[in-house]
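Colleague: here is a sequence with its predicted model. Questions after.
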Amino acid sequence: MRVPPHVLLTGSSAASFGFFLSGPHGILPGMEQDVLPLDQLLARQAERIPRKTFVKFEGRKYSFRDMDRLASLFASHLLGRGMERGERVAILSGNRHEYVAAYFGIIRAGGIVLPVNNLLTHEEVDFILTDAGVRTVFYDEECAGTMRRLEENRAYRCFSLTAVAGGPAALFALPDRSQTAIDDVSTILYTSGTTGRPKGALLTHRNLLANATAGTQAFRVTGRDRFVVFLPLFHSFTYTVCVVIPLVTGAMLSLLPGVKPFQRVVKSLIIDRITLFVAIPTVYKILADKDMPWFVKALLRLRLCVSGAAPLPPKVIREFEAVFRVPLREGYGLTEASPVVSINPVEPELNRPGTVGLPLPGISVRVVDDAGRDLPTGMPGELLVRGPNVMKGYLNRPEDTERAIRDHWLYTGDIASLDESGYIKIIDRKKDLIIVDGLNVYPYEVEEVLYRHPAVQDCSMIGVQHEHEEGKELGIMYVVLREGARATARDLREYLGKHVAHYKIPRRFLFSGELPRTATGKIMKKELRVWFREREMKHP
């Protein structure tokens, strides 16, 4: 058994693995003197590498000095309009360079940033803004309609990102930067709400910087790297990995409005000489199937691709790497952990597809049973996470916080197992567990097998209550077939019968043109349950 040299195994037969840091600040050793609040780190980089490009957007390059000045412009704008220290300020916008500047500007003015999913309805946005007590919102033109609807019921101070960035330089004096401490809350990120009402995770400067610093080491990022960013900036995975890591390292990010049209992404990969590609499984599935010209692949300068935000089937990893000859590494995280918990090592000999890799430096993990007792290696249980990246708690929800964080351990709600070397295998969400005749069925295990069927493009399994037998659950598999492919429920049932135990095979297979997903590609099982209740409950 080869254990990577930076992994420390703890405990006896119980599965508990982690990286331990000697630094007093919970950041990587040797970096204690560089621990600054996010806006101050931007100012430091603006002094150190003023002319180096930080953000490229719509053909224009913005240096670290440019972005620092823009951040001060947003800060001065807020202070000139009476913003109070600790006030929560929302950003409702698509990907723009002003988004990044406003983020740091809010912090510089003494505020707390609340990134809002710009794909939500005005009612969903209203819930988040009301829950967080937000009075001030920065928005882009695409969200102007949503803001008008919101203002019908409640008064907000609304400011256009482009208007503020393009306006005259404000002269309002900025506060003493030393007032912001590393353990102050910098960001409130609302969970996706796939299992209920979204909750606001309170993330400190230390949380985000510890995670970004650990990610820098795990991904081997340097100032020479170049990121392409098309995932939404409101998502924790995008912002930590694609904005804070470049901020920490002095790397460049090429910011795009979105993934479509995909030709724009390809153009950026070539022209901007992108070295680090960060995406979600859906994108890698498309790329693995896409017939991309050989000369395009020859022009690529990619050294590493990273997948997160949703499970990545091993089949997709194999197909993608065979086509592009670039390592694709799967990671795991959650908003409450800022968000990255683990990643498969860059070294080929240490990569283990089918797992989400090893904990990042500074992070410890355990797998426990329902009583909180450590389980042996290989046995599934709830995954617990501890480290400087773990959130401070949930906004205005002390009871939820107490349930989620106990004795400094974050209870993730994910079912996982650990192997003898500390690699994490995510089996499923604890809440998605299906109990069939007293036996545990983890949907992801079944989905992973079905993904290997040549006719299957996408699939997701849910558990529903039996209509006539109280307390009995049935497995229901929603399936999207590949274009031009054919397969019946019987075909899929027979295929699964060769690979999984009989009790794990879904009772029904329902075919659909697509599956409901969040903005980051995560399948919304809650919505699938609604589909089933509304469309299928009439049919026994």
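Modeller: Everything's here; your move. Numbers count the residues shown, from 1 in each chain.
Colleague: with adjacent residues omitted, what lies nearest to residue 513?
Modeller: residue 480 (6.8 Å; Cβ to Cβ, 6 or more residues apart in numbering). Every residue, glycine included, has its C-beta placed from N, CA and C.
Colleague: confirm that the one you found sits in a strand.
Modeller: Yes. Assessed with DSSP: H, G, I helix; E, B strand; the rest coil, residue 480 lies in a strand.
Colleague: now it: how far from residue 509?
Modeller: Distance, residue 480 to residue 509, by Cβ to Cβ, to the nearest Å: 11 Å.
Colleague: am I right that the residue nearest to residue 513 is in contact with residue 510?
Modeller: No. In this structure, residue 480 is not within contact of residue 510 by Cβ atoms under 8 Å, at 10.4 Å.
Colleague: and the residue nearest the centre of this structure?
Modeller: residue 237 (3.1 Å; Cα atoms, centre = their mean).
Colleague: what's near enough to touch residue 337?
Modeller: 211, 363, 385, 387, 389, 390, 391, 410, 412 (Cβ atoms under 8 Å, 6 or more residues apart in numbering).
Colleague: for stretch 294-306, buried residues please.
Modeller: 300, 302, 304, 305, 306 (16 or more other Cβ atoms under 10 Å).
Colleague: actually, stretch 405-421.
Modeller: 405, 409, 410, 411, 412, 413, 414, 415, 416, 417, 418, 421.
Colleague: per-residue confidence for the second one?
Modeller: Model confidence at residue 409, expressed as pLDDT, equals 97.
Colleague: is the closest residue to it other than its chain neighbours in a helix, a strand, or coil?
Modeller: Excluding its sequence neighbours, the residue lying closest to residue 409 (Cβ to Cβ, 6+ apart) is residue 384, at 4.4 Å. Here residue 384 is strand, with the state taken from three-state DSSP.
Colleague: number of nearby residues for residue 384?
Modeller: 23 (other Cβ atoms under 10 Å).
Colleague: re the thing from before, identify, from the contacts of residue 337, the entry nearest to residue 251.
Modeller: Ranked by distance to residue 251 (Cβ to Cβ), the contacts of residue 337 are led by residue 211 at 15.9 Å.
Colleague: so that closest one sits in a helix?
Modeller: Yes. According to three-state DSSP, residue 211 belongs to a helix.
Colleague: next one: it relative to residue 236, how far apart?
Modeller: 9 Å.
Colleague: over to residue 281?
Modeller: 17 Å.
Colleague: what sits closest to residue 309 if chain neighbours are left out?
Modeller: residue 520 is the one closest to residue 309 (Cβ to Cβ, 6+ apart), at 4.2 Å.
Colleague: for that neighbour, which residues are in contact?
Modeller: 192, 231, 232, 235, 237, 238, 280, 309, 310.
Colleague: quick check: the fifth one touching residue 231?
Modeller: Okay, so that is residue 237. Yes. The pair residue 237 / residue 231 is scored as a contact, 7.0 Å apart, by Cβ under 8 Å.
Colleague: quick check: neighbours shared by those two?
Modeller: Common neighbours of residue 237 and residue 231 (Cβ under 8 Å, 6+ apart) are 278, 309, 520.
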